[in-house]
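S.K.: The following block contains a protein sequence and its predicted model.
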2 protein chains.
Amino acid sequence: MQLEPLTLPRRPLHDDLVEHLRDLIVRGTLAPGSKVQEQALSDQFQVSRTPLREALRSLAAEGLVVLTPRRGATIAEITRRDLEEAFPILGALEALAGELACGNLTDDDIARARTLQAKLVQAHEAGDLANYSAANAALHKLILQAAANPLLSKMLKSLDGRVRRARYMVNISGARWAAAVAEHEVILSALEARDGRKLGQILKDHIANKLNALIGQIDG
Amino acid sequence: MQLEPLTLPRRPLHDDLVEHLRDLIVRGTLAPGSKVQEQALSDQFQVSRTPLREALRSLAAEGLVVLTPRRGATIAEITRRDLEEAFPILGALEALAGELACGNLTDDDIARARTLQAKLVQAHEAGDLANYSAANAALHKLILQAAANPLLSKMLKSLDGRVRRARYMVNISGARWAAAVAEHEVILSALEARDGRKLGQILKDHIANKLNALIGQIDG
DNA sequence: CCTATTAATTCTGTATACAAAATACAGATC
DNA sequence: GATCTGTATTTTGTATACAGAATTAATAGG
């Protein structure tokens, strides 16, 4: 008899390092622009430089660290220009995800989306940012799953990692929050109508508005 | 007096390896699905395993190789499903590039584009695939430069690497070639009109047609 | 006291070494 | 003859070692 693979927890060290470091970077613990001393970090994590260097290469591919030959690694800065470059791409890909999702959405998906939207509104009214973010993330995940394009999911996740750091730096304004909730209502209606083109356009605008809100806070 | 950095040619080995390996993979010399023995490859390139492994990590991030823990690296397969996932993304991003480009195109850019289009038509009539491809690539590059979004350029380059391998496997049909030339004429007219929305839509369709042509050849 | 040059130190890039896991192989058992 | 089990070999994962470049400290000269 054949047992299930059972996913034994034996994972390479550098994979753990990638996840841990990504978390530290996205959360801002490792500050943008700061130099990464390989020796220091590998000492701190109790590993040798070899797996650490491999992890840094992965993170460099994601754009979270910058590798300069013979000069080592630094945590990638996140400039206004970076955001202005990333957000239109994010918008285009979210729009694509929306369009693709509309072709696959089941009635059950839409019902779940409506439930999440209710939670989102409720969290907003309660001023509960944590639950709002959770519902928001769940909605995005639902759309991505319906889009059924793993490569698209992966690319969006990577892009999101780049810009998420900026959101950790600023706190959402009351006006922007209310506007976002309103936009989500429109998103839901397009979703329920399975109107791919409209959903795509709305998601694109939604992302563009996010960028403007962010930029307004980062520098006048 | 301070001399310019002068871009000394001292590049890390793994960067060279990345480029060389990418070339071998894209051209099909390293066949999809084949296992990559670290020792064997590092012996062949006369380097140690350390830089080779770092190069493999970079290529894994690009999606050209697949790393399985404790089981090593294999050259990524390129399935019909992979193409069906990658092309819509390629289309969305090319469309975005077109839209962005329209906002920045100078008269000189448009003049150069028209010249390239003429070369493209000429090469097609002469049956000169090499020059056609060159003109085609130059046109794409022109649009990307006008789009002025380095991140977008980088992502498109990476995506292109994924699908380019498939194009090395099949040869373009006469009908598809003629259609592509016709589509390029429409692209040019949208570009001359600086009609971003239209250009985006056309580029998207153009990519979708490419996918269909490819799929038709890979399997019926 | 400041600048320029040089020496010392630190850090990266690469090679090698070793441990553990995976694979291949051989013999044993049914 | 096929399958299972234990051993040998190969291969990956990680650590350490060493050479050379980059940075910093130190010293000499103005």
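M.R.: Structure received. Residues are numbered from 1 along each chain as shown, chains lettered A, B, ... in the order given.
S.K.: What score does the residue of chain A found nearest chain B have for pLDDT?
M.R.: The nearest approach of chain A to chain B comes at residue A:61, 3.2 Å away (CB to the nearest CB). Just so you know, the C-beta spots here come from the backbone N, C-alpha and C atoms, and that holds for glycine as well. pLDDT for residue A:61: 96.
S.K.: so it is in which element?
M.R.: Under the criterion of DSSP states H and E, residue A:61 resides in helix A:49-62.
S.K.: So residue A:74, which state does it fall into?
M.R.: Per DSSP: H, G, I helix; E, B strand; the rest coil, the secondary structure class of residue A:74 is strand.
S.K.: meant to ask about residue A:178
M.R.: helix.
S.K.: Look up which helix or strand the spatially most central residue of chain A falls in, please.
M.R.: Nearest to the geometric centre of chain A sits residue A:160, at 2.8 Å (CA atoms, centre = their mean). Using DSSP H and E, residue A:160 sits in helix A:150-169.
S.K.: Ramachandran angles for residue A:106?
M.R.: phi -90, psi 170 (degrees, to the nearest 10).
S.K.: Show residues contacting stretch A:71-85.
M.R.: A:25, A:30-38, A:56, A:60, A:63-68, A:162-163, A:165-166, A:211, A:214-215, A:218-219, B:149-152 (CB atoms under 8 Å, 6 or more residues apart in numbering or on different chains).
S.K.: Which ones, among those, also lie beside DNA strand D?
M.R.: Restricting these to those within reach of DNA strand D (CB under 7 Å from any atom of the strand) leaves nothing.
S.K.: what pLDDT does the residue nearest to the centre of chain A get?
M.R.: 94.
S.K.: Ignoring the adjacent residues along the chain, who's closest to it?
M.R.: residue A:90 (7.4 Å; CB to CB, 6 or more residues apart in numbering or on different chains).
S.K.: so the one you found makes contact with residue A:159?
M.R.: Yes. Assessed by CB atoms under 8 Å, residue A:90 is found in contact with residue A:159 at 5.2 Å.
S.K.: With neighbour numbers in mind, choose between the two.
M.R.: residue A:90 (23 against 20; other CB atoms under 10 Å in any protein chain shown).
S.K.: And for the residue of chain A found nearest DNA strand C, the neighbour number?
M.R.: Using CB to the nearest atom of the strand, residue A:72 is the residue of chain A that sits closest to DNA strand C, at 3.1 Å. When neighbours are defined as other CB under 10 Å, residue A:72 has 14 of them.
S.K.: Please report how far it lies from residue A:13.
M.R.: Remark: distance between residue A:72 and residue A:13 (CB to CB, to the nearest Å) = 20 Å.
S.K.: quick one: residue A:93 and residue B:92 touch, right?
M.R.: Yes. Counting by CB under 8 Å, residue A:93 does reach residue B:92; the two are 6.3 Å apart.
S.K.: residue ranges of the strands in chain A, please?
M.R.: A:35-36, A:65-68, A:72-75 (DSSP state E).
S.K.: so what strands line up beside the first one?
M.R.: This means strand A:35-36. strand A:72-75 (antiparallel) (DSSP bridges).
S.K.: Let me know the average pLDDT across the partner strand.
M.R.: pLDDT averaged over strand A:72-75 gives 96.
S.K.: how far does it sit from the chain's center?
M.R.: Centroid displacement of strand A:72-75 relative to its chain, using CA atoms, centre = their mean, to the nearest Å, is 22 Å.
S.K.: Likewise for stretch A:185-197?
M.R.: 22 Å.
S.K.: Could you list the residues in contact with the helix holding residue A:61?
M.R.: A:12-15, A:17-18, A:21-22, A:25, A:36, A:38-39, A:41-42, A:45, A:65-67, A:73, A:158, A:161-162, B:14, B:50, B:53-54, B:57-58, B:60-62.
S.K.: which among those residues end up buried?
M.R.: Buried members of the contacts of helix A:49-62, counted by 16 or more other CB atoms under 10 Å in any protein chain shown: A:13-14, A:17-18, A:21-22, A:25, A:36, A:41-42, A:45, A:65-67, A:73, A:161-162, B:14, B:53-54, B:57-58, B:60-62.
S.K.: The residue nearest to residue A:207 when sequence neighbours are not counted: neighbouring residues, count only.
M.R.: Leaving aside its sequence neighbours, residue A:207 sits nearest to residue A:91 (CB to CB, 6+ apart; 3.8 Å). Under the neighbour criterion other CB under 10 Å, residue A:91 is assigned a count of 23.
S.K.: shouldn't residue A:91 be in contact with residue A:200?
M.R.: No. If you go by CB under 8 Å, residue A:91 and residue A:200 don't touch, sitting 9.4 Å apart.
S.K.: what about the nearest residue to residue A:149 once chain neighbours are set aside, how many neighbours?
M.R.: Spatial nearest neighbour of residue A:149, excluding adjacent residues (CB to CB, 6+ apart): residue B:85 at 5.0 Å. By other CB under 10 Å, 21 other residues sit near residue B:85.
S.K.: okay, residue B:85: pLDDT?
M.R.: 97.
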